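Enquirer: Sequence plus the predicted model coming up.
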Amino acid sequence: MGDKRDGDQGDTGGIVLTEEQKRRRRARSIAIALVLGALVLLFYAITIVRLGPNVLTRPL
Amino acid sequence: MSLMNPGVGLPSHAVADSAHLEPSLAGVDDFIALMKPRVMSLVVFTAFVGLLVAPGHLHPVLGAGALICIAVGAGAAGALNMWYDADIDALMARTARRPIPAGRVTRGEALGFGLTLAAGSVVVLGLVANWIAAGLLAFTIFFYAVIYTMWLKRRTPQNIVIGGAAGAFPPMIGWAAATGGTGLEAVFLFLIIFLWTPPHFWALALCRAGDYERAGVPMLPVVAGTRETVRQIRLYAIALFPVGIAPWLIGPAGPLYGVTAAGAGAVLLVLAWRVRAGGREAKALFGYSILYLFVLFAVLLIDHALFGSLAAGAQAVG
């Protein structure tokens, strides 16, 4: 059943998300993914700028 | 009216206690709205100018990272403000459609969002730039969320005068990000925004006095009346004029900035003198005050780009 695949609990009297709620949850999830991706790029760029060529020569 | 009850005037599903019972209705645009993007844009712009005109050098990638942190920090302060003020926001026409009073975001969501952004922006700014700038950003968020929003806003008509310091810190944070400290020039950038805030907000408050009165917020027009508000608007406009041109008078900025600041300040004075009540003149002053601040900082940036005056001045002093 589709609702169960989405983690809803319609058969057990729990919360059932409406289509609108599912749409907004999906939009929030995509936004979080994009922000996390941007943070990865930002931290990568900052690390390269901060360490420069030493990023390859630092002792383990 | 109980101003201290955070749930007053809110839809039941927007109250924190019910947050775990209802699936979130919040859209991405609601979380963006929590960050007050229009306020954020002015914060980013003034911080950008502070960062660029400072005598220090910051790699463009680190500078961009610092600006993102300052923007997110400002957004965090906005979200925390909306979390705490949801009850009075619901009572005012200007703010009733914000995400929490409209019932699209719960107070718990806004609080979690604001605290997460605040902690993240401060820590990352410390790593990207330096811990002086990060400390200033943390203090700014604290000042806006706690000193202004929680303490001053509902207690004194001087709320936006003292609270205005929070909006005045961003150029100083930008300056600190580039130099690792502050300087006299940064203090004047702070003072320009600090003295600009009262005439800017009181012009708006004159037009929205009924809203503030209904919400129980002791803005100056509500507590002291229109005449006293107009008098204080003029006093702050007078004080702002010399401070606006001070970066030129004390040396670091060039004549392009000085002439522009003098002209823009004179127009602000004229508009302040035309205000009699909360009508068209007050709206004109409110609108122009935004342009005034933008022009001052933009010309400071252009002046610096053309003549490098701030850096040269600072080096001469050093």
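Expert: The structure has been received and is ready for your questions. Only a predicted model underlies this, so the values are computations on that prediction, with no experimental measurement involved. Residues are numbered from 1 along each chain as shown, chains lettered A, B, ... in the order given.

Enquirer: just the helices in chain A please.
Expert: Along chain A, counting by DSSP state H, helices occupy A:2-5, A:19-51.

Enquirer: Specify the stretch among those helices that is closest to chain B.
Expert: helix A:19-51 (4.5 Å; C-beta to the nearest C-beta). Every residue, glycine included, has its C-beta placed from N, CA and C.

Enquirer: tell me the SS of the residue nearest to B:Val295 when sequence neighbours are not counted?
Expert: In space, and not counting its chain neighbours, B:Val295 is closest to B:Ala264: 5.4 Å by C-beta to C-beta, 6 or more residues apart in numbering or on different chains. Look at B:Ala264: counting by DSSP: H, G, I helix; E, B strand; the rest coil, its state is helix.

Enquirer: pLDDT score assigned to B:Ala264?
Expert: In the predicted model, B:Ala264 carries a pLDDT score of 97.

Enquirer: Kindly provide the distance from it to chain A.
Expert: 36 Å (C-beta to the nearest C-beta, to the nearest Å).

Enquirer: Can you list the neighbours in contact with stretch B:124-139?
Expert: A:46, B:58, B:62, B:65-66, B:69-70, B:73, B:118, B:121-123, B:169, B:172-174, B:176-178, B:180-182 (C-beta atoms under 8 Å, 6 or more residues apart in numbering or on different chains).

Enquirer: rewinding a little: hang on, the residue nearest to B:Val295 packs against B:Leu296?
Expert: Yes. B:Ala264 lies in contact with B:Leu296 (C-beta atoms under 8 Å); the separation is 6.3 Å.

Enquirer: Count the residues that sit near B:Pro55.
Expert: 19 (other C-beta atoms under 10 Å in any protein chain shown).

Enquirer: Just to check, it is in contact with B:Gly181?
Expert: No. Judged on C-beta under 8 Å, B:Pro55 makes no contact with B:Gly181 at a distance of 10.4 Å.

Enquirer: Format the helices of chain A as CSV; extra columns: mean neighbour count.
Expert: Shown next, in CSV, are those (neighbours: other C-beta atoms under 10 Å in any protein chain shown):
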stretch, mean neighbour count
helix A:2-5, 10
helix A:19-51, 13
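
Enquirer: quick one, which of those helices is nearest to B:Ile160?
Expert: In this view, the helices of chain A are compared for proximity to B:Ile160 by C-beta to C-beta, and helix A:19-51 is the closest at 32.0 Å.

Enquirer: B:Arg214 and B:Asp89 touch, don't they?
Expert: No. Using C-beta under 8 Å, B:Arg214 makes no contact with B:Asp89, being 11.8 Å away.

Enquirer: Pick out whichever of the two has more residues nearby.
Expert: Neighbour tally, B:Arg214 and B:Asp89, criterion other C-beta under 10 Å: the higher count belongs to B:Asp89, 22 against 15.

Enquirer: neighbours around the closest residue to that one other than its chain neighbours, how many?
Expert: Setting aside the residues directly before and after it, B:Asp89 is nearest to B:Thr95 in space (C-beta to C-beta, 6+ apart), at 3.9 Å. When neighbours are defined as other C-beta under 10 Å, B:Thr95 has 19 of them.

Enquirer: And B:Gly210, by the same measure?
Expert: Neighbour number of B:Gly210 under other C-beta under 10 Å is 13.

Enquirer: Also the one 10 residues further on?
Expert: A count of nearby residues for B:Leu220, using other C-beta under 10 Å, gives 26.

Enquirer: Relative to chain A, how far out is it?
Expert: 40 Å.

Enquirer: so who does that residue touch?
Expert: Counted by C-beta under 8 Å, 6+ apart, B:Leu220 has contacts B:157, B:202, B:205, B:228-229, B:232.

Enquirer: follow-up on the earlier one: what's near enough to touch the residue nearest to B:Val295?
Expert: By C-beta under 8 Å, 6+ apart, B:Ala264 lies in contact with B:244, B:292, B:295-296.
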